[in-house]
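*Asks:* the amino acid sequence is not available; the structure is as follows:
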């Protein structure tokens, strides 16, 4: 206890310099724990990007491709599933609800997603449903024909282009823009803007299935109806009853009982002559996460290197200050302290600085995570769970403590050599 009190008083006498060292250590620990925590939370959030959906159904092929275009709207399906398959799976006894997804068009680089109004009540990300920043969902076109011109914007789309309620939009046929590719003959009206969720739906423009079909009525061989009419063709009449799609990109499925997911999967995949594929989102997203695992591990390695460099800075500062402490060590030596005791004294002081920096870094990390929870969720799609670090973080902190101990040995050995030298050859008066 005496040496601990002495180490504390000695450190306090040099508090300005050591305070900067503690800040350096705490920032490095903040980076290390922050990277580790965000690494775990990002993986968990990625796996729950589409929660509440038990199965995603699409044409047989690559599960990764199905997840990319149906959940993240990245890429395009190589082929579609038949609408009859959607009707058949909706009638299975295990299926509680089924939300169709139609993709293909875009708006200024953002995907257009065709679905039913049920998508706004069924969609969940990180266990949270959709909220409205402005307006409402589009109506059912079968009961409200005006809904054929209604569109709902994701938060990112509305923010990027400054759209608000009642704005008029012109969607693009396909993914490319150019002459003759705009749906100018069928402008859409904004009736709702979603609140930020951090999910891919923030980047989407959502219309009804019937509206998606309506904007394509009269298109043939990639030629717009207005261009076709200008060339002398007759414009096709629009009948709401004929706006049922013949194919879909995918279907999100919710079951009455999740325990029946495997039996429901087998039944769904037997429909349409075995041309359908049912994928469990959580499993597929975990597999997809492995693609970015190299980046994840690289960030962790960078955090470890930053923390190690901070620990080495502790040794450097104490080593540089050792020459100025020669008189202090000589006095302790004259009072009867053995060289090994002085070595332990400097080692204890160095460890005290490192441990203080580690504790402060942990506190700062948790504080920043708590304060930035909403921002991380809405802007980056990462749901942060503040609390005790995961097991890997504890191992990292343990390794950091070992590095601190090794780094502290350098000034401690220097103190031992100085005190021993001054004990054997005391300075002349």
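*Replies:* Arrived safely, thanks for sending. Please read all numbers here as calculations on a predicted model, not as lab measurements.
*Asks:* name the residues that touch stretch 353-365?
*Replies:* 11, 18, 21-30, 32-34, 37, 310-311, 314, 318, 389, 397, 400-401, 404, 407-408 (Cβ atoms under 8 Å, 6 or more residues apart in numbering). Placement of C-beta: from N, CA and C, glycine included.
*Asks:* go with 6 Å
*Replies:* Stretch 353-365 is contacted from outside by 18, 21, 22, 25, 26, 29, 30, 33, 34, 314, 404, using Cβ atoms under 6 Å, 6 or more residues apart in numbering.
*Asks:* the helix or strand where the fourth one lies packs against which elements?
*Replies:* Counting by DSSP states H and E, the element that carries residue 25 is helix 15-47. Under the contact definition 3 or more Cβ pairs under 6 Å, 6 or more residues apart in numbering; DSSP states H and E, helix 15-47 sits against helix 281-289, helix 293-321, helix 339-371, helix 391-424.
*Asks:* reformat those helices as JSON lines; add mean neighbour count.
*Replies:* Listed next are those as JSON lines, based on neighbours: other Cβ atoms under 10 Å:
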{"stretch": "helix 281-289", "mean neighbour count": "16"}
{"stretch": "helix 293-321", "mean neighbour count": "17"}
{"stretch": "helix 339-371", "mean neighbour count": "19"}
{"stretch": "helix 391-424", "mean neighbour count": "18"}
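*Asks:* got a markdown table for those helices, with mean pLDDT and distance to residue 162 too?
*Replies:* Converted to a markdown table, those look like this (pLDDT from 0 to 100; distance: least, Cβ to Cβ, whole Å):
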| stretch | mean pLDDT | distance to residue 162 |
| --- | --- | --- |
| helix 281-289 | 77 | 33 |
| helix 293-321 | 72 | 33 |
| helix 339-371 | 79 | 29 |
| helix 391-424 | 69 | 42 |
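*Asks:* which one of those helices lies closest to residue 258?
*Replies:* helix 281-289 (10.7 Å; Cβ to Cβ).
*Asks:* angle of the closest one against helix 293-321?
*Replies:* Orientation check (axes from the mean of the first three to the mean of the last three Cα atoms, to 10 degrees): helix 281-289 against helix 293-321 gives 60 degrees.
*Asks:* pull the distance from helix 281-289 to the chain's centre.
*Replies:* Relative to its chain's centre, helix 281-289 lies at 14 Å (Cα atoms, centre = their mean, to the nearest Å).
*Asks:* helices or strands up against that helix?
*Replies:* Secondary-structure packing of helix 281-289 (3+ Cβ pairs under 6 Å, 6+ apart): helix 15-47, helix 63-71.
*Asks:* which of these has the lowest mean pLDDT?
*Replies:* Of all the helices and strands packed on helix 281-289, mean pLDDT reaches its minimum on helix 15-47 (a mean of 77).
*Asks:* can you name the next helix or strand after that helix?
*Replies:* Moving toward the C-terminus from helix 15-47, the next helix or strand (DSSP H and E) is strand 55-59.
*Asks:* show me what that following strand is in contact with.
*Replies:* With contact meaning Cβ under 6 Å, 6+ apart, strand 55-59 is reached by 66, 70, 79, 81, 250-253, 268, 276-279, 281.
*Asks:* same deal with stretch 107-117?
*Replies:* 73, 99, 101-102, 105-106, 137, 140, 157, 171, 203-207, 209, 212.
*Asks:* can you give me the end-to-end distance of that stretch?
*Replies:* Stretch 107-117 has an end-to-end distance of 20 Å (Cα to Cα, to the nearest Å).
*Asks:* state the mean pLDDT of that stretch.
*Replies:* Average pLDDT, stretch 107-117: 91.
*Asks:* what about that stretch, distance to the chain center?
*Replies:* Stretch 107-117 sits 22 Å away from the centroid of its parent chain (Cα atoms, centre = their mean).
*Asks:* tell me which residues of it come out buried.
*Replies:* Within stretch 107-117, the residues scored as buried using 16 or more other Cβ atoms under 10 Å are 107, 110, 111, 112, 113, 114, 115, 116, 117.
*Asks:* confirm that the fifth one sits in a strand.
*Replies:* I take that to be residue 113. Yes: assigned with DSSP: H, G, I helix; E, B strand; the rest coil, residue 113 falls within a strand.
*Asks:* and it, how close does it get to residue 80?
*Replies:* As for residue 113, its distance to residue 80 is 14 Å (criterion: Cβ to Cβ, to the nearest Å).
*Asks:* looking at the contacts of stretch 107-117, which are in helices?
*Replies:* The helices, defined by DSSP state H, take in 157, 209, 212 from the contacts of stretch 107-117.
*Asks:* returning to what we had before: so which of the contacts of stretch 353-365 wins on neighbours?
*Replies:* Within the contacts of stretch 353-365, most neighbours by other Cβ atoms under 10 Å means residue 29, with 28 neighbours.
*Asks:* now it. Nearest residue, chain neighbours left out?
*Replies:* Spatially, and ignoring its direct neighbours in sequence, residue 29 is nearest to residue 361 (2.7 Å; Cβ to Cβ, 6 or more residues apart in numbering).
*Asks:* residues near residue 19, how many?
*Replies:* Counted with other Cβ under 10 Å, the neighbours of residue 19 add up to 13.
*Asks:* what's the answer for residue 250, then?
*Replies:* 25.
*Asks:* isn't it up against residue 70?
*Replies:* Yes: with contact defined as Cβ atoms under 6 Å, residue 250 counts as touching residue 70 (3.8 Å).
*Asks:* common neighbours of these two, please.
*Replies:* Shared contacts of residue 250 and residue 70 (Cβ under 6 Å, 6+ apart): 56, 101.
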